[in-house]
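*Asks:* Here is my input; please provide its structure:
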Amino acid sequence: QVQLVESGGGLVQVGGSLTLSCAASKRTFGVYAMAWFRQAPGKEREFVAAFGLRYSTYYADSVKGRFTISRDSGKNTVDLQMNNLKPEDTAVYFCACRPAGPANEAREYDYWGQGTQVTVSS
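*Replies:* Have a look, this model is predicted:
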């Protein structure tokens, strides 16, 4: 079992920045792939970014060049730096992990955080 706790959401204006953080209850480096998903009202949960078991990173096309996923193996945290935010980035953001390589389908992940709201105002 892994417990995940997200933090850092909030309200930001268009073009602004936010950093989300996900803290895991146990060591994840080399053991779990970590990912961020988001879900807007009335929409399915969608992949945002993932960190592989060690150093590889993956991004959805919609966030490439604007979002950066990073990992602190010593603190068991995964951050999502979000820049140049757009109204369509508004959603609840979820952290997830799986004891295997990364995937971009929500159903592939075993553990989830409770989510944190990000609202981008125009």
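*Asks:* I'd like to know which elements the helix or strand of the chain with the lowest mean pLDDT is packed against.
*Replies:* Least confident helix or strand, the chain: strand 67-72 with a mean of 94, by mean pLDDT, DSSP states H and E. Here strand 67-72 is seen to pack against strand 33-39, strand 46-51, strand 57-59, strand 77-82 when contacts are counted using 3 or more CB pairs under 8 Å, 6 or more residues apart in numbering; DSSP states H and E. (Each C-beta comes from the backbone N, C-alpha and C, glycine too.)
*Asks:* can you list the residues that contact the longest one?
*Replies:* To tie it back to what came earlier, the one meant is strand 33-39. 20, 22, 24, 28, 45-53, 69, 71, 78, 80, 89, 91-98, 100-104, 106, 109, 115, 118 (CB atoms under 8 Å, 6 or more residues apart in numbering).
*Asks:* ok, now the second one?
*Replies:* For strand 46-51, the surrounding residues in contact (CB under 8 Å, 6+ apart) are 33-39, 57-60, 63, 67-71, 78, 80, 93, 102-106.
*Asks:* State the mean pLDDT of that strand.
*Replies:* Averaged over strand 46-51, pLDDT sits at 97.
*Asks:* How about the last one?
*Replies:* Summarised as a single mean, pLDDT over strand 77-82 is 96.
*Asks:* give me the beta-bridge partners of residue 38?
*Replies:* Per DSSP bridges, the residues bridged to residue 38 are residue 46, residue 93.
*Asks:* Now the spatially most central residue of the chain: closest residue in space, sequence neighbours ignored.
*Replies:* By CA atoms, centre = their mean, the chain has its centre lying nearest to residue 36, at 2.2 Å. Of all residues not flanking residue 36 in the chain, residue 48 sits nearest, at 4.3 Å (CB to CB, 6 or more residues apart in numbering).
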